[in-house]
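Engineer: Just need the structure, nothing else, for what follows:
(chains A and B)
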Amino acid sequence: MRERIEEALKKHTADYVEIRIEETQSTNVTYRGQDLEEVGTTTQLGGSVRAAVNGGWGFVSFNRVADLRDKVSQAVSQARLVGSEKTELADVPPVEDVSQRMSMRRDPGDVPLEEKKRLMDSYVEEIWRTPKIQTSNVGYGDGYRKQYIGNSTGTYIEQERGRVYARFGVVARENGNVQQARAGFASSEDYGVVEGRHADVREAAAKAVAMLDAQPPKGGEFMVILDSTLAGVFAHEAFGHLSEADHVYENEKLKEIMVLGRAFGGTFLNITDSGQVPGLTGSFAYDDEGVPTGKQYLIREGELVGRLHSRETAGKMNEAPTGNARAESYRTPPLVRMRNTAIEPGETPLEEMLAAVKDGVYCKNWYGGQTSMEMFTFSCMEAYAIRDGKLAEPLRGVNLSGNVFTTLENIVAVGDDFAWDPAGGTCGKGGQSAPVGDGSPHVLISKCLVGGQ
Amino acid sequence: MVEELLCKATKQAEVAEALYLESTELPISFEANRIKSINARESSGMALRIVKNGRIGLGYSTKLGAPGDLDALVASAVESAQFGAQARFTLPDTYTTNGVEIFDPAVAALTLDELVALGTEALDALRGHDREFLCDVGATKRISRVRLLNSNGGGSDYRKSVVSLGASINLTRGEDLLDVWHYALSCRADADPQAVAQRIIQRVEAARSTAEVSTKHMPVLFTPQGLGSTLMLPLRQAFSGKTVLEGASPLSDKLGERVFDEKLSVYDDGTLAHAVGSAPTDDEGIPLRRTPLIEDGLVRTFIYDLQTAGLAGAEPTGNGERSPASLPAPGYHNVVVAPGDGGSLEEMIGGVDEGIVVEYTMGASMGNLFSGDFSGNVHLGYKIENGKLAGRVKDTMVAGNSYAALKNIAAIGSEPEWVGGSFYAPPILVADLSVSTRG
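Structural biologist: Next up, the predicted model:
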């Protein structure tokens, strides 16, 4: 493959050309209710060529991996039609690395399908031992991906990545009242992460049943405590997306708002994005432009100190590249994306946070989150009223929303604990999805909008 | 290749079905007021479903060029059939090649320059209105080919053409960010850049100033887009035969009952000419039809693929849709809400003393769709004061229960419009919903 890629990269007339070829294999097992619904395997082979000429881009993707030289010509001529300025890409020293092997402590590829199914069967049984369960959605998946990346700066990389996950969604029902809860586990390096999860699965089922007795919240602004999973989503939704330089680099006004050095919160607030956290599904050695990943501080001691870049956004903003250009697959060009985003631990114990709340909400875990840059919203899986410093009745259907800038300022305490969301996350942007990690300690927010009925 | 795969598979299984999908796509994107990239995407892949010893096996591959690739695909389906679910369906024996109009040679003939011109015209219309707009525009043509063949001789063979044209603008004033977008899809070469730009300009002008709302219950007017992103989401889940089969749908035992306001009728229609959700058959070879979901407030039909229908003891409805790597599952074609007698959007606004208009919500899909409870940030919405739009509402959430809201509809508009090419609906006014805001 190396020869074919390097041959195709010769003698082009573009400012930059990059070729990615990918082989993937994946297996999935899904259950609906107590019944196994689907066992399937997928094999993919495909590639793409991306070219830049005078600031314009051409991109060609294909399944028939042949005539790479022609694909390069096509991408270059498309880019030439578009380009009318100057191609500005950050300088990245060429990388030659063909040693990025998948490092699985236990490789799901070595586990027989029958054993995977037996394991998942046992979880489904565990869920259905709980009374009032209406249905469940259980899924197992593993995947292997090998990438060949070459570009016109002399970079050539072969990189393998693995992924294994198990997801459990549980629906409880009583008298027309339907509630749900979920749990999940994912890893890039160990099949063991999906084993021995019976207690976690039992707990998810119990939570769905417990939420049957919960009441909807009253709407309005409240003091809220977020648990580590939800606070991690908050870091991703509320601040991470705003740190993606592709939103900023051509928007002069947003550049003014996101000027480095600006204060965004208390001195106890630190937010980072890293591609190098072992075991997380948002980790990888090189991004899809062949740029080495690292750990990037976005907020350090309350001050904006960095953002997330592709080669192009880094070049145009004259900042250092960060290895955040990610493509869903060979079919799509890379976008600036997060990897594993976290609020770093502070010093406040959870008990102290609770004691500070007279009338508020303790929010745990999440269904999803979305952002429109300035506004964010996310939904809690589990929530409790807090009255006079003590946890009170459970609440259902709690959605939190707010303005990013004011809410960051409203973070009044960061916990002394820390956890990554064990389920891993999937982030959607520009029609592409990518596995990401979110992590945080508990955080206390002085004012947050709760949607209520 | 389809015949060859089917031939190999039937040697090892009782039933086999091969689905070949091929598409070419030409997306052009404009970013920050200028053309940024031209893409060309070709893809081809083959999905195989078999029944062996009564169990379903499945495989999907895009690696089809080398000798032995088809054998590997058959082998993976045979392996998965050892553990697969019991098959509860019979594949059709009818072969359908035509029907609804979804292929327009004029789309196939659209050149790169013509696509660039479409995008440029939308961009110029937006920038001509306000130089402060930071615009992104996308124009795409897509030609796809589907070949489906099963061991009973059934299947289908058709081509579909789609043109999409979308635009979004960003207007940043201080820390006030306004994002407004609109897009249109069609199987015909009838993309109208001026119309796309006008819809965006109308919304921006309605949102130029900011209005105050207070936390209380009030009438909420959902535009077709607002309806699709909020109230319709729980219904999409509840009418899926899968949700019904599991007993997780709140409508499971309500067939024929009046659950919704009698003004409300909703159909799933795969037979509409030029609509992107239309096709001769579904992905299992069952001819598409117009299926009533709700008629005059009565729950009429749930949607099914073959296997789900078999398990539920229900009639298949031609809703077996699949992403090629997975088994068919109930999926909608074009969801159509029948218009009412509420008049135009302006007339509906005119009838409200104090309320809000919801254009897009954010996060309403993240809640508990089973129960119908929703709670979404009003991403774009306007205050209504004395029958007139009074500016954008910000930092505001709208919450309620879809079933309760659609049981008590104040008015359904007379003028439906397409949202994203496969949802066609008028505005709907709900008399009383909870609106929460800061302070």
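
Engineer: Only C-alpha atoms from now on, for both contacts and neighbour counts.
Structural biologist: Noted.

Engineer: right, and the helix or strand after the strand or helix carrying B:Ala18?
Structural biologist: Using DSSP states H and E, B:Ala18 sits in strand B:15-31. Next in sequence after strand B:15-31, counting helices and strands by DSSP H and E, comes strand B:34-52.

Engineer: what residues are up against A:Val72?
Structural biologist: A:8-9, A:12, A:17, A:49-51 (Cα atoms under 8 Å, 6 or more residues apart in numbering or on different chains).

Engineer: can you redo those residues as JSON lines with distance to chain B, secondary structure and pLDDT?
Structural biologist: Shown next, in JSON lines, are the contacts of A:Val72 (distance: Cα to the nearest Cα, whole Å; DSSP: H, G, I helix; E, B strand; the rest coil; pLDDT from 0 to 100):
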{"residue": "A:Ala8", "distance to chain B": "18", "secondary structure": "helix", "pLDDT": "95"}
{"residue": "A:Leu9", "distance to chain B": "19", "secondary structure": "coil", "pLDDT": "96"}
{"residue": "A:His12", "distance to chain B": "18", "secondary structure": "coil", "pLDDT": "88"}
{"residue": "A:Val17", "distance to chain B": "14", "secondary structure": "strand", "pLDDT": "98"}
{"residue": "A:Val49", "distance to chain B": "10", "secondary structure": "strand", "pLDDT": "98"}
{"residue": "A:Arg50", "distance to chain B": "9", "secondary structure": "strand", "pLDDT": "98"}
{"residue": "A:Ala51", "distance to chain B": "10", "secondary structure": "strand", "pLDDT": "98"}
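
Engineer: which parts of stretch B:57-67 are buried?
Structural biologist: Under the neighbour-count criterion of 16 or more other Cα atoms under 10 Å in any protein chain shown, stretch B:57-67 has B:57-64 buried.

Engineer: for the residues you listed, which one is nearest A:Met317?
Structural biologist: Using Cα to Cα, B:Thr62 is the member of those that sits closest to A:Met317, with 38.8 Å.

Engineer: wait, that closest one sits on B:Glu42?
Structural biologist: No: the criterion here is Cα atoms under 8 Å, and B:Thr62 misses it with B:Glu42 at 11.4 Å.

Engineer: Find residues that contact each of those two.
Structural biologist: Common neighbours of B:Thr62 and B:Glu42, counting by Cα under 8 Å, 6+ apart, are A:Asn63.

Engineer: What does the pLDDT read for B:Met366?
Structural biologist: Looking at B:Met366, its pLDDT reads 63.

Engineer: same for the strand or helix carrying B:Leu389, what does it pack against?
Structural biologist: Using DSSP H and E, B:Leu389 sits within strand B:388-392. Applying 3 or more Cα pairs under 8 Å, 6 or more residues apart in numbering or on different chains; DSSP states H and E, we find strand B:388-392 packed against helix B:193-206, helix B:345-350, strand B:373-385.

Engineer: buried sites along it?
Structural biologist: Across strand B:388-392, burial judged by 16+ other Cα under 10 Å covers B:388-392.

Engineer: Which SSE is immediately downstream of that strand?
Structural biologist: Under the assignment DSSP H and E, the closest C-terminal helix or strand after strand B:388-392 is strand B:396-401.

Engineer: C-alpha coordinates for that following strand, CSV please?
Structural biologist: Extracted in CSV, the C-alpha atoms of strand B:396-401 (Å, rounded to 0.1, in the frame of the first residue of the first chain):
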residue,chain,number,x,y,z
THR,B,396,-36.1,30.2,27.0
MET,B,397,-37.2,26.7,27.3
VAL,B,398,-40.5,25.2,26.2
ALA,B,399,-41.7,22.0,28.0
GLY,B,400,-44.7,19.7,28.0
ASN,B,401,-46.0,16.4,26.9
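
Engineer: Any buried residues in it, and which?
Structural biologist: By neighbour count with 16+ other Cα under 10 Å, strand B:396-401 contains the buried residues B:396-401.

Engineer: Now tabulate these in JSON lines and tack on pLDDT.
Structural biologist: What follows is the buried residues of strand B:396-401, written out as JSON lines (pLDDT from 0 to 100):
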{"residue": "B:Thr396", "pLDDT": "91"}
{"residue": "B:Met397", "pLDDT": "89"}
{"residue": "B:Val398", "pLDDT": "92"}
{"residue": "B:Ala399", "pLDDT": "89"}
{"residue": "B:Gly400", "pLDDT": "90"}
{"residue": "B:Asn401", "pLDDT": "91"}
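
Engineer: These into TSV, with extra columns for distance to chain A?
Structural biologist: What follows is those, written out as TSV (distance: Cα to the nearest Cα, whole Å):
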residue	distance to chain A
B:Thr396	8
B:Met397	6
B:Val398	7
B:Ala399	6
B:Gly400	6
B:Asn401	9
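
Engineer: sorry, back to before: go through the helices and strands packed on strand B:388-392 and find the least confident stretch.
Structural biologist: Taking the mean pLDDT of the helices and strands packed on strand B:388-392, strand B:373-385 comes last: a mean of 91.

Engineer: Direction included, what does that strand pair up with?
Structural biologist: Strands that pair with strand B:373-385, judged by DSSP bridges, come out as strand B:354-362 (antiparallel), strand B:388-392 (antiparallel), strand B:396-401 (antiparallel).

Engineer: Assign A:His236 to helix, strand or coil.
Structural biologist: helix (DSSP: H, G, I helix; E, B strand; the rest coil).

Engineer: That one: neighbouring residues, count only.
Structural biologist: Other residues within reach of A:His236, judged by other Cα atoms under 10 Å in any protein chain shown, total 30.

Engineer: Noted, bye for now.
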